[in-house]
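> Provided below are the primary sequence and the corresponding predicted coordinates.
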Amino acid sequence: MAKSMDYIVRATAANAQIRAFAATTRELVEEARRVHNLSPVVSAALGRLLTAGAMMGSMLKGESDLLSLQIRGDGPVKGLTVTADALARVKGSAVEPQVMLPPNALGKLDVGGAVGKGILSVVKDMGLKEPYVGQTELQTGEIAEDLTYYFATSEQVPSAVGLGVLMEKDNTVKQAGGFIIQLMPFAEDEVISVLEEKLKSMDSVTNILNAGNTPEQLLEILLGDLGLEITDTIPATYYCDCSRERVERAIISIGKKDIQEMIDDGKPVEVRCQFCNNKYEFETEDLKHMLDKARA
């Protein structure tokens, strides 16, 4: 794969009373669109969640920590899943990738209509016995507001989340990116009011990126008056770590009874990865080897 132009900027402002993340993610969202053959509205929905996942992944402390974002809604897309690691490598899938909807009242892609009402789950696997699971009800289905609400209620961190995906006329991804701004517990009222005013008056993420601005400039627009300090930048990529061995382990884990049924069927078994669409085929002989390793 070509070197990605996607990256995340991490920053602080107002003497560390604010921490901020901004990302440009056009290539990884386009990769997801291509792999899953997504319709425009699903590209926008999954693209926003992938962008948030990459930034939230970069907040993880441990190198082997993993984050999953899951949306289950009553809209036609039914569900979206994104997983991310601490290196901002993300992958994702949609239950119904080809949903088509008319534009919403503002003439934009109707992500809220595609997602509907439901639940957002955030699962952080940090190598402890039990993963951390936070669940909140979807507020709008537009994803940025839903994550803003999640941070405030589940993690008790007042946050502002902006996410956007802009599509070309040929349905490829033109722009994608976002930001997450978080207030630390000791943030002063004055700093909070300045930030609130900035957020109210700012343009949409996609308009800012489409005007040729970088994630650094996006943060400058929001936090330039508050002593913005960029701490680092990290690449963000669409990355799937599936392998034949992993799929084999998954088949072994379903148990002897089911594997025996596959063998009796006498046909090769094809397993397709939900994140990258890679196909893995197992002949009857392969299944017999797995049967030996499986538990009852």
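Perfect, I can see it now.

> C-alpha only now, for contacts and for neighbours.
Noted.

> ok, the nearest residue to V205 once chain neighbours are set aside - how many residues close by?
Of all residues not flanking V205 in the chain, G164 sits nearest, at 5.6 Å (CA to CA, 6 or more residues apart in numbering). By other CA atoms under 10 Å, 25 other residues sit near G164.

> and G164, how far from S121?
20 Å (CA to CA, to the nearest Å).

> again with K257
Counting by CA to CA, the gap from K257 to S121 is 32 Å.

> of these two, which one has the most company?
S121 (19 against 12).

> show me what the more buried one is bridged to.
Counting by DSSP bridges, S121 is bridged to Q70, Q135.

> Y132 is in contact with that one, correct?
No - under the criterion of CA atoms under 8 Å, S121 is not in contact with Y132, lying 10.2 Å apart.

> show me where the stretch 51-200 of the chain dips below the pLDDT cut-off.
Counting by pLDDT under 70, the stretch 51-200 of the chain shows no low-confidence range.

> strands along that one, start to end?
Taking DSSP state E, counting those that start in this stretch as the criterion, the stretch 51-200 of the chain carries its strands at 66-73, 79-85, 89-94, 118-125, 132-137, 159-167, 173-183.

> looking at the ones you listed, which is closest to A144?
Smallest distance to A144 across the strands of the stretch 51-200 of the chain (CA to CA): 5.2 Å, for strand 159-167.

> run me through the strand neighbours of the closest one, direction for each.
strand 173-183 (antiparallel).

> how about the contacts made by the one residue sitting closest to the centre of the chain?
When CA atoms, centre = their mean is applied to the chain, the residue found nearest the centroid is L50 (2.4 Å). L50 makes contact with 29, 82, 90-92 under the criterion CA atoms under 8 Å, 6 or more residues apart in numbering.

> now do the SS call for it.
Recorded secondary structure, L50: helix (DSSP: H, G, I helix; E, B strand; the rest coil).

> for it, give me the pLDDT.
pLDDT for L50: 98.

> re earlier: report the two of the contacts of L50 separated the most.
So, the contacts of L50 by CA to CA: farthest apart are V29 and V82, at 11.7 Å.

> so the two - more neighbours on which side?
V29 (32 against 24).

> let me see the contact set for the more buried one.
V29 neighbours (CA under 8 Å, 6+ apart): 43, 46-47, 50-51, 173, 176, 238.

> what of Q70?
79-82, 120-122.

> redo those residues as CSV? Include distance to K293.
Converted to CSV, those look like this (distance: CA to CA, whole Å):
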residue, distance to K293
G79, 34
L80, 33
T81, 30
V82, 31
L120, 37
S121, 34
V122, 33
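
> tally of neighbours for R249?
14.

> per-residue confidence for it?
88.

> which stretches of the protein form helices?
Ranges of helices within the chain are 26-36, 40-57, 111-115, 144-154, 189-201, 205-210, 215-223, 244-252, 256-265, 284-293, based on DSSP state H.

> what are the buried residues along the first one?
To tie it back to what came earlier, the one meant is helix 26-36. Residues 26-33, 36 are the ones in helix 26-36 that count as buried (16 or more other CA atoms under 10 Å).

> kindly report the same for the fourth one.
With burial defined by 16+ other CA under 10 Å, the residues of helix 144-154 counted as buried are 144-151.

> over to the last one?
Judged by neighbour count (16+ other CA under 10 Å), helix 284-293 contains these buried residues: 284, 287-288, 290-291.
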